[in-house]
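Here is my input, please return the structure:
(2 chains)
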Amino acid sequence: RKEVEQDPGPFNVPEGATVAFNCTYSNSASQSFFWYRQDCRKEPKLLMSVYSSGNEDGRFTAQLNRASQYISLLIRDSKLSDSATYLCVVTAYNTDKLIFGTGTRLQVFP
Amino acid sequence: DVKVTQSSRYLVKRTGEKVFLECVQDMDHENMFWYRQDPGLGLRLIYFSYDVKMKEKGDIPEGYSVSREKKERFSLILESASTNQTSMYLCASSLSGGLSDRWPQHFGDGTRLSIL
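The predicted model follows:
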(Lines give C-alpha, C1' and ligand atoms only; values in the text may rest on other atoms or scores of the structure.)
Protein backbone atom coordinates (compact mmCIF):
# COMPACT_ATOMS: atom_id res chain seq x y z
CA ARG A 1 0.00 0.00 0.00
CA LYS A 2 1.30 3.45 -0.88
CA GLU A 3 1.95 5.79 2.03
CA VAL A 4 -0.12 8.54 0.43
CA GLU A 5 -2.87 7.74 -2.05
CA GLN A 6 -4.80 10.04 -4.33
CA ASP A 7 -7.24 9.61 -7.17
CA PRO A 8 -5.20 10.63 -10.25
CA GLY A 9 -8.25 12.08 -12.03
CA PRO A 10 -8.49 13.96 -14.25
CA PHE A 11 -11.34 15.92 -12.79
CA ASN A 12 -12.90 17.95 -15.60
CA VAL A 13 -15.17 20.69 -14.25
CA PRO A 14 -16.75 23.86 -15.68
CA GLU A 15 -15.81 27.30 -14.45
CA GLY A 16 -17.70 28.17 -11.29
CA ALA A 17 -18.07 24.58 -10.14
CA THR A 18 -17.11 23.25 -6.73
CA VAL A 19 -14.72 20.32 -6.72
CA ALA A 20 -13.26 18.23 -3.91
CA PHE A 21 -10.23 15.95 -3.73
CA ASN A 22 -9.50 13.39 -1.06
CA CYS A 23 -6.24 11.82 -0.06
CA THR A 24 -5.55 8.95 2.35
CA TYR A 25 -2.35 8.31 4.28
CA SER A 26 -1.21 5.11 5.90
CA ASN A 27 1.00 6.23 8.82
CA SER A 28 -1.10 7.26 11.80
CA ALA A 29 1.97 8.95 13.32
CA SER A 30 2.10 11.52 10.51
CA GLN A 31 2.18 15.00 11.96
CA SER A 32 1.89 17.61 9.26
CA PHE A 33 -0.17 17.74 6.11
CA PHE A 34 -0.07 19.96 3.06
CA TRP A 35 -1.51 20.49 -0.37
CA TYR A 36 0.98 21.47 -3.07
CA ARG A 37 0.06 22.63 -6.54
CA GLN A 38 2.06 21.72 -9.63
CA ASP A 39 1.45 23.32 -13.00
CA CYS A 40 2.40 21.45 -16.14
CA ARG A 41 6.19 21.26 -16.51
CA LYS A 42 6.69 23.40 -13.41
CA GLU A 43 7.91 22.75 -9.90
CA PRO A 44 5.53 21.99 -6.99
CA LYS A 45 4.56 24.96 -4.85
CA LEU A 46 2.91 25.01 -1.45
CA LEU A 47 -0.80 25.76 -1.74
CA MET A 48 -1.81 25.44 1.90
CA SER A 49 -1.29 23.51 5.07
CA VAL A 50 -4.00 21.33 6.55
CA TYR A 51 -4.84 21.85 10.22
CA SER A 52 -6.80 19.57 12.50
CA SER A 53 -9.54 22.15 12.89
CA GLY A 54 -9.81 22.69 9.14
CA ASN A 55 -8.70 25.86 7.43
CA GLU A 56 -9.76 28.13 4.62
CA ASP A 57 -7.85 30.37 2.26
CA GLY A 58 -10.17 32.24 -0.08
CA ARG A 59 -11.88 29.71 -2.33
CA PHE A 60 -9.83 26.82 -0.92
CA THR A 61 -10.76 24.78 2.15
CA ALA A 62 -8.61 22.01 3.59
CA GLN A 63 -9.74 19.46 6.15
CA LEU A 64 -8.05 16.70 8.12
CA ASN A 65 -9.68 13.60 9.53
CA ARG A 66 -7.11 11.86 11.74
CA ALA A 67 -9.44 9.04 12.77
CA SER A 68 -9.98 7.98 9.16
CA GLN A 69 -6.53 9.14 8.03
CA TYR A 70 -7.57 11.30 5.15
CA ILE A 71 -7.30 14.92 4.11
CA SER A 72 -9.39 16.83 1.65
CA LEU A 73 -9.21 19.94 -0.50
CA LEU A 74 -12.33 21.78 -1.60
CA ILE A 75 -12.17 24.40 -4.35
CA ARG A 76 -15.20 26.67 -4.74
CA ASP A 77 -16.03 28.80 -7.77
CA SER A 78 -13.36 27.10 -9.93
CA LYS A 79 -11.32 29.32 -12.25
CA LEU A 80 -9.52 28.36 -15.43
CA SER A 81 -6.29 29.19 -13.63
CA ASP A 82 -7.00 26.45 -11.06
CA SER A 83 -6.16 23.85 -13.72
CA ALA A 84 -3.15 22.00 -12.33
CA THR A 85 -2.12 18.86 -10.48
CA TYR A 86 -2.77 18.94 -6.74
CA LEU A 87 -0.33 16.97 -4.62
CA CYS A 88 -1.24 15.64 -1.20
CA VAL A 89 1.81 15.76 1.07
CA VAL A 90 2.46 14.30 4.48
CA THR A 91 5.49 14.59 6.74
CA ALA A 92 6.99 11.49 8.23
CA TYR A 93 7.07 11.42 12.01
CA ASN A 94 9.66 13.66 13.65
CA THR A 95 11.44 14.48 10.42
CA ASP A 96 11.54 17.13 7.74
CA LYS A 97 10.99 14.57 5.01
CA LEU A 98 7.89 14.98 2.88
CA ILE A 99 5.96 12.09 1.39
CA PHE A 100 4.12 13.02 -1.79
CA GLY A 101 1.04 11.52 -3.33
CA THR A 102 1.07 11.05 -7.08
CA GLY A 103 -1.31 13.98 -7.53
CA THR A 104 -4.83 14.65 -8.76
CA ARG A 105 -5.17 16.47 -12.05
CA LEU A 106 -7.81 19.17 -12.32
CA GLN A 107 -8.92 20.65 -15.63
CA VAL A 108 -11.34 23.58 -15.50
CA PHE A 109 -13.06 24.34 -18.80
CA PRO A 110 -14.95 27.49 -19.91
CA ASP B 1 11.81 35.26 -2.03
CA VAL B 2 13.52 31.90 -1.77
CA LYS B 3 15.45 30.96 -4.85
CA VAL B 4 16.44 27.39 -5.60
CA THR B 5 18.45 27.16 -8.79
CA GLN B 6 19.20 23.99 -10.70
CA SER B 7 22.09 24.12 -13.13
CA SER B 8 20.25 22.85 -16.22
CA ARG B 9 16.63 22.66 -17.42
CA TYR B 10 17.37 19.97 -20.00
CA LEU B 11 20.28 17.52 -20.16
CA VAL B 12 21.06 14.65 -22.51
CA LYS B 13 23.73 12.11 -21.57
CA ARG B 14 24.84 8.67 -22.67
CA THR B 15 24.65 5.36 -20.84
CA GLY B 16 27.65 4.85 -18.59
CA GLU B 17 28.50 8.54 -18.25
CA LYS B 18 28.99 10.13 -14.83
CA VAL B 19 26.40 12.88 -14.52
CA PHE B 20 26.37 15.80 -12.10
CA LEU B 21 23.23 17.75 -11.27
CA GLU B 22 23.82 20.90 -9.27
CA CYS B 23 21.45 22.76 -6.98
CA VAL B 24 22.02 26.05 -5.18
CA GLN B 25 19.74 27.85 -2.71
CA ASP B 26 20.14 31.39 -1.44
CA MET B 27 18.17 31.34 1.82
CA ASP B 28 20.63 29.67 4.18
CA HIS B 29 18.36 26.62 4.50
CA GLU B 30 19.73 23.69 6.47
CA ASN B 31 17.80 21.01 4.60
CA MET B 32 18.21 20.12 0.95
CA PHE B 33 16.55 17.33 -1.00
CA TRP B 34 16.78 15.57 -4.34
CA TYR B 35 13.68 13.97 -5.87
CA ARG B 36 12.85 12.37 -9.15
CA GLN B 37 9.37 12.61 -10.65
CA ASP B 38 7.97 10.04 -13.04
CA PRO B 39 4.44 9.69 -14.49
CA GLY B 40 2.23 7.63 -12.23
CA LEU B 41 4.87 7.44 -9.49
CA GLY B 42 4.90 11.00 -8.21
CA LEU B 43 7.88 12.53 -6.45
CA ARG B 44 10.26 10.05 -4.88
CA LEU B 45 13.02 11.09 -2.53
CA ILE B 46 16.51 10.06 -3.61
CA TYR B 47 18.71 11.66 -0.95
CA PHE B 48 18.51 14.49 1.52
CA SER B 49 20.90 16.46 3.66
CA TYR B 50 20.37 18.10 7.04
CA ASP B 51 23.65 19.96 7.10
CA VAL B 52 26.98 20.38 5.39
CA LYS B 53 28.64 17.02 4.80
CA MET B 54 25.57 15.25 6.17
CA LYS B 55 23.50 13.03 3.92
CA GLU B 56 20.81 10.44 4.32
CA LYS B 57 19.33 7.98 1.87
CA GLY B 58 15.80 8.54 0.72
CA ASP B 59 13.52 5.94 -0.79
CA ILE B 60 15.42 5.25 -4.02
CA PRO B 61 19.15 5.95 -3.52
CA GLU B 62 20.47 3.11 -5.71
CA GLY B 63 22.61 4.37 -8.56
CA TYR B 64 22.97 7.85 -7.04
CA SER B 65 25.26 9.65 -4.66
CA VAL B 66 25.27 13.21 -3.31
CA SER B 67 27.68 15.81 -2.12
CA ARG B 68 27.15 18.76 0.21
CA GLU B 69 30.42 20.56 0.76
CA LYS B 70 28.81 23.96 1.27
CA LYS B 71 25.52 24.82 2.89
CA GLU B 72 24.04 26.42 -0.21
CA ARG B 73 24.95 23.68 -2.68
CA PHE B 74 23.70 20.11 -2.99
CA SER B 75 24.91 17.97 -5.88
CA LEU B 76 23.35 14.78 -7.19
CA ILE B 77 25.69 12.36 -8.94
CA LEU B 78 24.73 9.53 -11.25
CA GLU B 79 27.81 7.32 -11.02
CA SER B 80 27.14 5.44 -14.25
CA ALA B 81 24.01 6.68 -15.97
CA SER B 82 21.46 4.16 -17.16
CA THR B 83 18.37 4.57 -19.30
CA ASN B 84 16.06 3.95 -16.34
CA GLN B 85 17.40 7.14 -14.79
CA THR B 86 15.76 9.21 -17.49
CA SER B 87 13.44 11.41 -15.46
CA MET B 88 12.62 14.85 -14.14
CA TYR B 89 14.90 15.69 -11.20
CA LEU B 90 13.79 18.24 -8.64
CA CYS B 91 15.86 19.84 -5.92
CA ALA B 92 14.25 21.41 -2.85
CA SER B 93 15.34 23.18 0.32
CA SER B 94 13.76 24.07 3.65
CA LEU B 95 14.60 25.31 7.11
CA SER B 96 15.12 22.60 9.68
CA GLY B 97 12.47 21.71 12.23
CA GLY B 98 10.00 22.36 9.46
CA LEU B 99 6.96 20.53 10.67
CA SER B 100 4.73 23.43 9.79
CA ASP B 101 3.71 25.60 6.91
CA ARG B 102 6.12 28.24 8.12
CA TRP B 103 8.90 26.18 6.66
CA PRO B 104 7.71 24.64 3.42
CA GLN B 105 9.99 23.04 0.94
CA HIS B 106 10.92 25.32 -1.94
CA PHE B 107 11.62 23.65 -5.24
CA GLY B 108 13.89 24.44 -8.14
CA ASP B 109 12.57 24.47 -11.72
CA GLY B 110 13.68 20.89 -12.32
CA THR B 111 16.13 19.21 -14.69
CA ARG B 112 14.72 16.97 -17.37
CA LEU B 113 17.44 14.38 -17.86
CA SER B 114 17.49 11.98 -20.78
CA ILE B 115 19.91 9.05 -20.85
CA LEU B 116 20.43 7.60 -24.32
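
B:Glu30 contacts B:Ser96, doesn't it?
Yes - between B:Glu30 and B:Ser96 there is a contact at 4.0 Å, judged by CB atoms under 8 Å. (C-beta placed from N, C-alpha, C; glycine too.)

quick one: common contacting residues for those two?
Common neighbours of B:Glu30 and B:Ser96, using CB atoms under 8 Å, 6 or more residues apart in numbering or on different chains, are B:Tyr50.

residues near A:Ser81, how many?
8 (other CB atoms under 10 Å in any protein chain shown).

What does the pLDDT read for it?
For A:Ser81, the pLDDT comes out at 97.

Can you tell me the SS state at it?
Here A:Ser81 is recorded as helix under DSSP: H, G, I helix; E, B strand; the rest coil.

Just give the nearest non-adjacent residue to it, would you?
Setting aside the residues directly before and after it, A:Ser81 is nearest to A:Val108 in space (CB to CB, 6 or more residues apart in numbering or on different chains), at 7.9 Å.

For the closest residue in space to B:Val19 that isn't next to it in sequence, give the beta-bridge partners.
Nearest residue to B:Val19, sequence neighbours excluded (CB to CB, 6+ apart): B:Leu78, at 4.0 Å. Beta-bridge pairing for B:Leu78 (DSSP bridges): B:Val19, B:Tyr64.

In chain B, where is pLDDT below threshold?
B:1-2, B:97-103 (pLDDT under 70).

quick one, strands of it?
B:4-6, B:10-13, B:19-25, B:31-38, B:42-49, B:56-57, B:64-70, B:73-78, B:87-94, B:106-107, B:111-115 (DSSP state E).

need those in a markdown table with mean neighbour count, can you?
Listed next are the strands of chain B as a markdown table, based on neighbours: other CB atoms under 10 Å in any protein chain shown:
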| stretch | mean neighbour count |
| --- | --- |
| strand B:4-6 | 20 |
| strand B:10-13 | 13 |
| strand B:19-25 | 19 |
| strand B:31-38 | 23 |
| strand B:42-49 | 22 |
| strand B:56-57 | 13 |
| strand B:64-70 | 16 |
| strand B:73-78 | 20 |
| strand B:87-94 | 23 |
| strand B:106-107 | 22 |
| strand B:111-115 | 18 |
